[in-house]
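Trainee: Sequence first, predicted model second:
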Amino acid sequence: MQLVQLIYASKKAENFNRQDIEAILACSRENNVKQAITGVLCFSQDFFLQCLEGGRAEVNALYTRITHDPRHLQPYIIDYSEIAERSFSKWAMGYLPETQVSRELVLRYSAVDEFDPAHLSAAGALGFLRSLSATI
Ligand code: FAD
């Protein structure tokens, strides 16, 4: 089974509230362990940026399920790659909170100083998530 990494972004739904994050993380951690999926989820400025790592079939099935979730809108894939090793192997789903998203970190990876995944390249999105995860 080929190991893959998928990075996508989306926008929160109108009625999304911060308690929904807790529910998403609890469900994700329970499901992902069973599927040997790892990754991180960042929520900031109304946007989600998530990295999913695992077997191709498991990651594809999870991403398809996530795209149908009404708690967010307009998901789009930023990168999908076969990988030699995981970047976030210690997290079934690590949460990277908005409080850790500094202007300096955003500027390091994008041309603007406000977090918007649309401004991130594939390498930039991974670099951003790696750097952010190193702060928690
Ligand atoms: P069920 O729990 O049976 O739910 C059926 C439907 O209702 C699904 O479409 C589900 O998305 C939706 N739903 C479930 N709870 C709510 C709610 N509180 N409000 C509105 N709709 C709801 N799941 C993972 O397993 N791993 C992840 O890494 C992961 N990351 C996510 C990241 C984001 C940004 C979002 C929004 C969701 C994420 N989820 C993740 C949740 C995923 O979308 C599914 O809800 C979850 O996997 C359960 O799937 P299910 O088919 O068993 O749905």
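Mentor: Structure received.
Trainee: wait, what's in contact with residue 136?
Mentor: Residues near residue 136 by CB atoms under 8 Å, 6 or more residues apart in numbering: 94, 96, 97, 100. Quick note: C-beta positions are derived from backbone N, CA and C, even for glycine.
Trainee: quick one: the first one and residue 127, what's the gap?
Mentor: In this case it means residue 94. Using CB to CB, to the nearest Å, residue 94 is found at 16 Å from residue 127.
Trainee: Comparing those two, which residue is more hemmed in?
Mentor: Between residue 94 and residue 127, counted using other CB atoms under 10 Å, the more crowded position is residue 94 (20 against 16).
Trainee: just checking, the more buried one touches residue 32?
Mentor: No: at 10.5 Å, residue 94 does not count as touching residue 32 under the criterion of CB atoms under 8 Å.
Trainee: Now do the shared contacts for those two.
Mentor: With contacts taken as CB under 8 Å, 6+ apart, residue 94 and residue 32 have residue 39 as neighbours in common.
Trainee: and which of the contacts of residue 136 is nearest residue 65?
Mentor: For those, the residue nearest residue 65 by CB to CB is residue 94; the value is 19.3 Å.
Trainee: So for the helix or strand hosting residue 61, mean pLDDT?
Mentor: Assigned by DSSP states H and E, residue 61 belongs to helix 56-67. What helix 56-67 shows for mean pLDDT is 98.
Trainee: Name the single longest helix found in this structure.
Mentor: helix 18-35 (DSSP state H).
Trainee: avg pLDDT for it?
Mentor: 96.
Trainee: Quick check: bridge partners of the residue most central in space within the chain?
Mentor: With distances taken as CA atoms, centre = their mean, the residue of the chain nearest its centroid is residue 50 (0.8 Å). Beta-bridge partners of residue 50, counted by DSSP bridges, are residue 8, residue 41.
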